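Asker: based on what follows, work out the 3D shape:
(one chain, ligands or ions: 2)
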Amino acid sequence: MKGTLYGVGVGPGNPELMTLAAVRIIRESAVIACPGKDARQSTAYRIAVQAEPSLATKELLAVDMPMTRDRAELTKSFRQGALLLESFLKQGKDVAFLTLGDPAVYSTFAYLEERIAGLGYPTGYISGVPSFCAAAAEAGVPLTEWDEALHIIPAGQMDESELEETLRLPGTCALMKSGTRMDAVKSALAGSGREVYMVENCGMLGQKIYRGADSIPDTAGYFSMILAKEEKGSNQPSDDLSEGAEKRRSESESIRNPLDSRGK
Ligand SMILES: C[C@@]1(CC(=O)O)C2=NC(=C\c3[nH]c(c(CCC(=O)O)c3CC(=O)O)Cc3[nH]c(c(CC(=O)O)c3CCC(=O)O)/C=C3\N/C(=C\2)[C@@H](CCC(=O)O)[C@]3(C)CC(=O)O)/[C@H]1CCC(=O)O
Ligand SMILES: C[S@@+](CC[C@H](N)C(=O)[O-])C[C@H]1O[C@@H](n2cnc3c(N)ncnc32)[C@H](O)[C@@H]1O
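Answerer: Ligands and ions are numbered 1, 2, ... in the order given. Below you'll find the predicted structure:
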């Protein structure tokens with residue numbers, strides 16, 4: 001019998017945000033695959049092992065894929081990665097591929113899954129909490145209200161005019177992959193008139209929350225999520241009870257990563 005490949009979303013950082021389904025699939029799979037040269041060094045592994053310690057004794061597989069924008073190089077490595085996974089699936093072993101956040105959002109898993117499905121093996125996506133949802137929770141703000149739209153934007157892959165155009169879209173923009181282009185993203189945000197929040201290392205050790213485009217640093221790490229909300233308009237009814245919410249939100253509590261000493 002053929003094994004199944006699962007893409008297991010482990011959430012953005014805090015192991016408490018892993019789902020029961022993610023933990024069960026990890027427990028039941030014979031092989032655990034992680035992105036990178038060394039499975040134990042991958043961010044996804046380091047999150048998951050805190051929620052499911054049995055992971056440390058499982059058969060681990062490193063699927064090395066370069067973090068590059070060179071599509072030809074990526075295609076080659078996804079092909080090699082898929083063939084490596086297949087060598088276990090054809091023995092009838094289920095493989096859980098751990099991936100940050102949700103596997104359906106800009107995940108390496110999607111590129112492997114399409115090749116494995118093409119080879120005729122069963123595959124499955126196991127949802128995880130996406131980083132933009134967790135970042136909204138950490139900032140203490142809703143992502144969308146009433147009739148607002150939500151746009152998921154790969155901001156680090158856009159030039160400045162595309163960014164400015166994007167920031168004219170109605171509703172909320174979740175800007176991802178901005179880490180390496182923070183200066184350009186910051187200058188586009190400055191003229192956008194939006195309510196801006198950035199959560200760096202969301203749910204991880206060293207989490208930082210920035211409020212307002214001016215507070216965003218010129219350089220930031222890869223794990224940075226920017227939420228740029230359209231200012232509230234008159235079509236969004238509120239009453240006197242909502243007054244002062246913004247100030248209270250900035251003082252609101254986040255869920256602490258159990259390993260983080262901030263709360264102790
Ligand atoms: C080019 C660049 C960014 C850019 O676009 O700006 C880039 N990643 C960069 C850096 C980087 N990435 C990561 C760290 C570790 C931080 C840490 O651990 O501290 C660092 C920082 C560093 O290496 O310094 C972690 C990471 N990245 C991905 C996953 C897997 C996953 O999430 O599934 C994980 C978690 C793995 C884990 O669990 O450990 C996935 C993807 N990363 C891509 C691009 C996408 C393909 C390009 C495309 O979209 O065309 C791709 C393949 C998929 C996609 O994004 O769709 C930039 C190169 C910078 C450079 O080399 O200069
Ligand atoms: C390759 S995408 C993976 C997205 C992931 N599958 C998800 O559902 O969030 C990587 C981007 O997600 C965002 N991201 C992922 N984890 C994050 C975290 N813990 N804190 C802030 N941003 C994060 C960053 O914008 C980063 O550049």
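
Asker: hmm, who's touching stretch 100-117?
Answerer: Residues outside stretch 100-117 that contact it (CB atoms under 8 Å, 6 or more residues apart in numbering): 5, 7-12, 35, 43-44, 47, 63, 65, 74, 78-79, 81-82, 85-86, 89, 97, 99, 123, 125-131, 134, 152, 154, 176-177. All C-beta atoms are positioned from the backbone trio N, CA, C, and that covers glycine.

Asker: correction: stretch 250-263
Answerer: 13-17, 50, 137-138, 140, 203-205, 207, 209, 211.

Asker: what two of those are the furthest from one another?
Answerer: Taking CB to CB as the measure, the contacts of stretch 250-263 span a maximum distance of 28.5 Å, between 50 and 211.

Asker: against residue 152, how distant is the closest residue to residue 136 other than its chain neighbours?
Answerer: In space, and not counting its chain neighbours, residue 136 is closest to residue 143: 4.6 Å by CB to CB, 6 or more residues apart in numbering. Separation of residue 143 from residue 152 (CB to CB, to the nearest Å): 10 Å.

Asker: got any residues that touch both of the two?
Answerer: In contact with both residue 143 and residue 152: 132, 174, using CB under 8 Å, 6+ apart.

Asker: between the contacts of stretch 250-263, which is nearest residue 197?
Answerer: residue 211 (5.8 Å).

Asker: does stretch 67-74 reach ligand 2?
Answerer: No: counting by CB under 6 Å from any ligand atom, ligand 2 is not contacted by stretch 67-74; separation bottoms out at 8.9 Å.

Asker: how about residues contacting that stretch?
Answerer: Against stretch 67-74 from outside (CB under 8 Å, 6+ apart): 65, 66, 111, 157.

Asker: anything in it near ligand 1?
Answerer: Yes: looking at stretch 67-74 against ligand 1 by CB under 6 Å from any ligand atom, the contacts come from 67, 68, 69, 74.

Asker: so for the first one, what's the pLDDT?
Answerer: This means residue 67. Residue 67 is assigned 87 on the pLDDT scale.

Asker: confirm that it sits in a strand.
Answerer: No: read with DSSP: H, G, I helix; E, B strand; the rest coil, residue 67 is coil and lies in no strand.

Asker: torsion angles phi and psi at it?
Answerer: phi -90, psi 90 (degrees, to the nearest 10).
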